[in-house]
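Asks: Output the structure for:
(2 chains)
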Amino acid sequence: MFDFLDLERYDLFGVFWTTIQLTVYSAIGSLIWGTILAGMRVSPVPIMRGFATVYVNLLRNTPLTLIIVFCSLGLNQTLGVTMFTDGDPEPTNFRLAVLGFIVYTATFVCEAIRSGINTVPVGQAEAARAIGLPFTQVLGTIVLPQAFRAVIAPLANVLIALTKNTTVAAAIGVAEASLLMKEMIENEAQTIPIALVFAFGFIILTLPMGLFLGWVANRMAVKR
Amino acid sequence: MTNLSVLYDAPGPRAKRRNAALAVLFIVVLGLLLWVTINALNDKNQLDAEKWDPFVTDSRVWSTYLWPGLQETLKAAFLSLVIALPLGAILGIGRLSDHWWIRRPCDVVVEFFRALPVLLLMLFANEAYFQWSDVDREVRPLYAVVTALVLYNASVLAEIVRAGVKSLPSGQQDASRAIGMRKGQTMVTILLPQAVTVMLPAIVSQLVVIVKDTTLGGVMLGFGELLSNARLVSTNYSNTIAAYAVAAAIFIVLNFLLTSFASWLEKKIRRGKRNPGASVTGEPSGLEPTAPSSMTVTASAGSAA
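Replies: From the prediction side, this is the model:
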């Protein structure tokens, strides 16, 4: 029944490794960019706040597929952006996909962090100021530790969504799991077993992630 | 500006000066970036009038490509939502059942389809229709897209329904039991009607996700929706940047309207007199699961999930 698993011909582990790589790089990038955006979104400088708000609302409402395809057709083929590669399509497309995922996922990271900051009652910061703590200590010892704990659960959801979203990279020919699945179900007869193998692969990736991070979020949750 | 008060005190004279300096610095950086982008576009002649003119002068761009594409997008999105809603309601209520042999299968189905990327489901549905049905080639992509979106969103909506019902004050159920209603009656006549009002904003937000997901079918299955039609525009008029910018603008306006509608609904419900004291908000997010933990389920009567 599983004789389609011709690992010589179909690099099953390789494509899932690509999926994992896409996820990890995009997760790190969007965490950094998303945190910067969140910082701007709650900053006291109106122009920064405005920029971050507009950015988040624009990018969040654009389909990810459009962003990824634009990275390839627009940035790469029209404007000649090669993302510091020598123009070789394989690494270029991979990096363009990561860029697209970062640009898109950062908006959700930003919203998750902002909502985390919002869960901290204003009284906490007021009390901290009342006992004379300077700004850095208000932020570093009172507000951020509480906000960080509240952010874990929503960030975990963003990470799981990102893992699934990496399949969109197939649209610009990055050899990740869904592209191989497309090839396999077109070539091989056993459609259902193939689909189940790939479904199983994604469940292995996302389910433990969700369970573990849910457990962490529960443990870390601030009891109010 | 309620979020400001947690992090920042009202600025004093020094903070005001610093903020002004930061603002100027930020404008300079932003302007520099904008300048670089415009230069890059100009170098490749992407700002030429002939690239952008067709959207104003040539009505065929709209009548043969963008408008039909938008119609297909909306058709697929609404079909998916309409089919997914009852399915999701059944699954969600099933997960709340007292009988394990109803609850467990619903759990498995919901968790399974929520863990899968929509693209995987689309590819599978497309191949399945090709192999085991005589669905016409013309409409097969639409069928595949709708099937995949229904499977995925039914499981997401199931979670919304479950959270909505659970967010209701427990007194509602107690009271209906006390006057002798059966479990089914309680669900249909007491809990669901109240939960629906609570869930409406989350459902509208989910529509945004569905609209964005239809584009996957366009690129991977050749479904003639807005994005793939924009691609046709870009090949016909060789204006990649312009075509994608216009397509993005249409999506953004459409989704922004839906998001605004959702938050308007939420506010209205929250303020309304018949507020059952609960609210469910889904994250309006692209290709994003509206997992129960990402939902803000607040219940003033204390039965929060």
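
Asks: so, in contact with chain A or not, stretch B:58-75?
Replies: No: Stretch B:58-75 lies apart from chain A when judged by Cβ under 8 Å from any Cβ of the partner chain; the minimum separation is 9.5 Å. Backbone N, C-alpha and C define where each C-beta goes, glycine included.

Asks: Span of that stretch from start to end?
Replies: This stretch, stretch B:58-75, spans 25 Å end to end (Cα to Cα, to the nearest Å).

Asks: Now that stretch: buried residues?
Replies: Counting neighbours by 16 or more other Cβ atoms under 10 Å in any protein chain shown, one finds that the buried residues in stretch B:58-75 are B:61, B:62, B:65, B:66, B:69, B:70, B:72, B:73.

Asks: what stretches of chain A score poorly on pLDDT?
Replies: A:1-4, A:224 (pLDDT under 70).

Asks: which residues touch the most centrally placed residue in it?
Replies: Taking Cα atoms, centre = their mean, the centroid of chain A lies closest to residue A:162, which sits 4.0 Å from it. By Cβ atoms under 8 Å, 6 or more residues apart in numbering or on different chains, the contact set of residue A:162 is A:23, A:26, A:27, A:30, A:101, A:105.

Asks: What distance do you get for it to residue B:120?
Replies: To residue B:120, residue A:162 is 15 Å away according to Cβ to Cβ, to the nearest Å.

Asks: between the buried residues of stretch B:58-75, which is nearest residue A:150?
Replies: residue B:73 (35.9 Å; Cβ to Cβ).

Asks: isn't there a strand covering that closest one?
Replies: No: Residue B:73 sits outside any strand when classified using DSSP: H, G, I helix; E, B strand; the rest coil, being helix.

Asks: Run through the helices of the chain in chain order.
Replies: I went with chain A, as the question did not name one. Taking DSSP state H as the criterion, chain A carries its helices at A:12-41, A:46-60, A:64-70, A:89-119, A:122-130, A:135-137, A:144-165, A:177-187, A:191-220.

Asks: wrong one, I was asking about chain B
Replies: B:4-7, B:13-43, B:49-52, B:54-57, B:59-60, B:67-95, B:100-115, B:118-132, B:140-166, B:170-178, B:183-185, B:192-221, B:226-237, B:240-271.

Asks: Contact partners for residue 57?
Replies: Since no chain was named, I'll use chain A. With Cβ under 8 Å, 6+ apart, residue A:57 has these contacts: B:252, B:256.

Asks: and which of the buried residues of stretch B:58-75 is nearest to residue A:38?
Replies: Nearest to residue A:38 among the buried residues of stretch B:58-75, with distances taken as Cβ to Cβ, is residue B:73, at 30.9 Å.

Asks: So that closest one is in contact with residue B:223, correct?
Replies: No: Residue B:73 lies out of contact with residue B:223 (Cβ atoms under 8 Å); the separation is 9.1 Å.

Asks: Find the residues that touch each one of those two.
Replies: residue B:214.

Asks: Can you redo the helices of chain A as a markdown table, where the extra columns are distance to residue B:101?
Replies: Output for the helices of chain A, formatted as a markdown table (distance: least, Cβ to Cβ, whole Å):
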| stretch | distance to residue B:101 |
| --- | --- |
| helix A:12-41 | 34 |
| helix A:46-60 | 41 |
| helix A:64-70 | 39 |
| helix A:89-119 | 37 |
| helix A:122-130 | 47 |
| helix A:135-137 | 56 |
| helix A:144-165 | 29 |
| helix A:177-187 | 33 |
| helix A:191-220 | 23 |
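
Asks: for those, which one ends up most surrounded?
Replies: Ranked by mean neighbour count, the helices of chain A are led by helix A:64-70 with a mean of 26 (mean count of other Cβ atoms under 10 Å in any protein chain shown).

Asks: distance between that one and the chain's centre?
Replies: Relative to its parent chain, helix A:64-70 has a centroid offset of 15 Å by Cα atoms, centre = their mean, to the nearest Å.

Asks: who does it touch, helix- and strand-wise?
Replies: Judged by 3 or more Cβ pairs under 8 Å, 6 or more residues apart in numbering or on different chains; DSSP states H and E, helix A:64-70 is in contact with helix A:89-119, helix B:192-221, helix B:226-237, helix B:240-271.

Asks: Show residues contacting it.
Replies: Residues contacting helix A:64-70 (Cβ under 8 Å, 6+ apart): A:59, A:96-97, A:100-101, A:103-104, A:165, A:168-169, A:171-172, B:212, B:215-216, B:218-219, B:227, B:231, B:244, B:247-248, B:251, B:286-287.

Asks: wait, doesn't residue A:149 sit right on residue A:218?
Replies: No: between residue A:149 and residue A:218 there is no contact under Cβ under 8 Å: 10.4 Å.

Asks: Report the separation between the residue nearest to the centre of chain A and residue A:113.
Replies: Distance from residue A:162 to residue A:113, by Cβ to Cβ: 15 Å.

Asks: ditto for residue A:28
Replies: From residue A:28 to residue A:113 the distance is 15 Å (Cβ to Cβ).

Asks: same check, this time on residue A:31
Replies: In this view, residue A:31 and residue A:113 are 9 Å apart by Cβ to Cβ.

Asks: Could you do residue B:168 as well?
Replies: Residue B:168 is 30 Å from residue A:113, by Cβ to Cβ.

Asks: Ok, residue B:181 next?
Replies: 44 Å.

Asks: close enough to count as contact, residue A:83 and residue A:92?
Replies: Yes: if you go by Cβ under 8 Å, residue A:83 and residue A:92 touch, sitting 5.7 Å apart.

Asks: Overlap in contacts, those two.
Replies: residue A:76.

Asks: is any part of stretch B:252-269 close to chain A?
Replies: Yes: using Cβ under 8 Å from any Cβ, stretch B:252-269 reaches chain A at B:252, B:254, B:255, B:256, B:259.

Asks: export these to TSV and tack on pLDDT and neighbour count?
Replies: What follows is the residues of stretch B:252-269 next to chain A, written out as TSV (pLDDT from 0 to 100; neighbours: other Cβ atoms under 10 Å in any protein chain shown):
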residue	pLDDT	neighbour count
B:252	96	18
B:254	95	20
B:255	94	23
B:256	93	16
B:259	90	19
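
Asks: between these, which is closest to residue A:182?
Replies: Among the residues of stretch B:252-269 next to chain A, and counting by Cβ to Cβ, the member closest to residue A:182 is residue B:255, at 27.2 Å.

Asks: got the contact list for the residue lying closest to the closest one once chain neighbours are set aside?
Replies: Spatially, and ignoring its direct neighbours in sequence, residue B:255 is nearest to residue A:61 (3.7 Å; Cβ to Cβ, 6 or more residues apart in numbering or on different chains). The neighbourhood of residue A:61, defined by Cβ under 8 Å, 6+ apart, consists of B:208, B:212, B:251, B:252, B:254, B:255, B:256, B:259, B:286.

Asks: Same list (those residues) but as TSV, adding distance to residue B:84.
Replies: Below are the contacts of residue A:61 laid out as TSV (distance: Cβ to Cβ, whole Å):
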residue	distance to residue B:84
B:208	14
B:212	15
B:251	20
B:252	24
B:254	19
B:255	18
B:256	23
B:259	19
B:286	17
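
Asks: Now distance to residue B:88 too, for the helices and strands packed on helix A:64-70, in JSON lines please.
Replies: Listed next are the helices and strands packed on helix A:64-70 as JSON lines, based on distance: least, Cβ to Cβ, whole Å:
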{"stretch": "helix A:89-119", "distance to residue B:88": "22"}
{"stretch": "helix B:192-221", "distance to residue B:88": "9"}
{"stretch": "helix B:226-237", "distance to residue B:88": "25"}
{"stretch": "helix B:240-271", "distance to residue B:88": "17"}
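
Asks: Indicate which one of those is closest to residue B:54.
Replies: Proximity to residue B:54 (Cβ to Cβ) singles out helix B:226-237 among those, at 5.1 Å.

Asks: what does the closest one rub up against?
Replies: Contacts to helix B:226-237, defined as Cβ under 8 Å, 6+ apart, come from residues A:63, A:65-66, A:69, A:73, B:51, B:54, B:58, B:61, B:65-66, B:68-70, B:72-73, B:215, B:218-219, B:222, B:239-240, B:242-244, B:246-247, B:250-251.
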